[in-house]
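Asker: Give me a model of this one.
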Amino acid sequence: FTRLTDSGLGCPDWPGCYGSASPVGAREEIAAAQAERPTGPVTHGKAWVEMIHRYLATGVGVLIIAMTATAWLQRRHARPVRHVTDNVEPLSPWWPTFTLLWVCLQGAFGALTVTMKLFPAIVTLHLAGGLILLALLTVQAVRYAQHDRGERPVALGRGLRWGIAIVSGLVAMQVLLGGWVSTNYAVLVCNTFPMCQGSWWPEMDFAQGFELWRPLGTSADGSPLAFHALTAIHYTHRLFAYAVFVVLGL
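Answerer: Numbers count the residues shown, from 1 in each chain. As a prediction, this is how the structure comes out:
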């Protein structure tokens, strides 16, 4: 929601808002920025969206700290297995420990998102980091539930494991391509579907479109990003979606 409402720079510093813990303490600075640029990145509404996102992220971090501490305490006081039916090992406390390290890294990317002024590669990596965090927490939730019920993970055949790995990789790539479309503001470059700009193969500049390390709206040499580069970003996302759809169907 922060991304879609263009609130990523609603508070142009980090972790506070103009040095305050909330937009209430920064209302004068926000009002001045909004008066200077009424449609700019800093408004009272955008500041609240940005800070609520940070508050929720902090809450997630606190919960992961609690989960990590609890996991290590449970490991320390774990009883030896007495029954065959109870012979299901609890999840290793290294899982929440790694999750804690990951959420700290994710917070760093959140800070860089602001300090580097919505640098497309950083914003896309921030999205990827959030999805990896979700995956880490999901794995632990499932494994803890299995342990409580005394169940072991379901055994899968080698072919199915490879299939899941391939599909997961393709879906992850599609998510990153979608993030790249969003972070480069290329969503409305193709305003028809399935054709783009009245063509099945519009003019595209893949080299500039997928130049990964560059500021928002420009190429690495500082020249404005060409319209054909934005077209390449958008249409690649569409083309890859067809492949992902077919593989998921199979």
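
Asker: Please count neighbours and contacts with C-alpha atoms only from this point.
Answerer: Fine.

Asker: Contacts only, for the residue nearest the centre of the chain.
Answerer: Per CA atoms, centre = their mean, the C-alpha nearest to the average position across the chain is that of Leu127, at 1.8 Å. Listed by CA atoms under 8 Å, 6 or more residues apart in numbering, the contact set of Leu127 reads 176, 179.

Asker: from the middle of its chain, how far away would the helix or strand containing it be?
Answerer: Leu127 is part of helix 120-149 when elements are defined by DSSP states H and E. How far helix 120-149 lies from its chain's middle: 10 Å, per CA atoms, centre = their mean, to the nearest Å.

Asker: again with stretch 23-43
Answerer: Counting by CA atoms, centre = their mean, stretch 23-43 comes out at 27 Å from the chain centroid.

Asker: picking that back up, any idea which helix or strand comes after the helix holding Leu127?
Answerer: helix 158-183.

Asker: how about low-confidence regions in the chain?
Answerer: For the chain, the stretches with pLDDT under 70 are 79-90.

Asker: by contact count, what packs against the helix ranked longest in it?
Answerer: Of all segments of type helix in the chain, defined using DSSP state H, the longest is helix 44-76. Other helices and strands packing on helix 44-76, by 3 or more CA pairs under 8 Å, 6 or more residues apart in numbering; DSSP states H and E, are helix 27-36, helix 94-115.

Asker: just checking, what packs against the shortest one?
Answerer: Other elements packing on helix 27-36 under the criterion 3+ CA pairs under 8 Å, 6+ apart are helix 44-76.

Asker: residues of the helix it packs on that come out buried?
Answerer: 44, 46-51, 53-54, 57, 61, 64-65, 67-68, 71-72 (16 or more other CA atoms under 10 Å).
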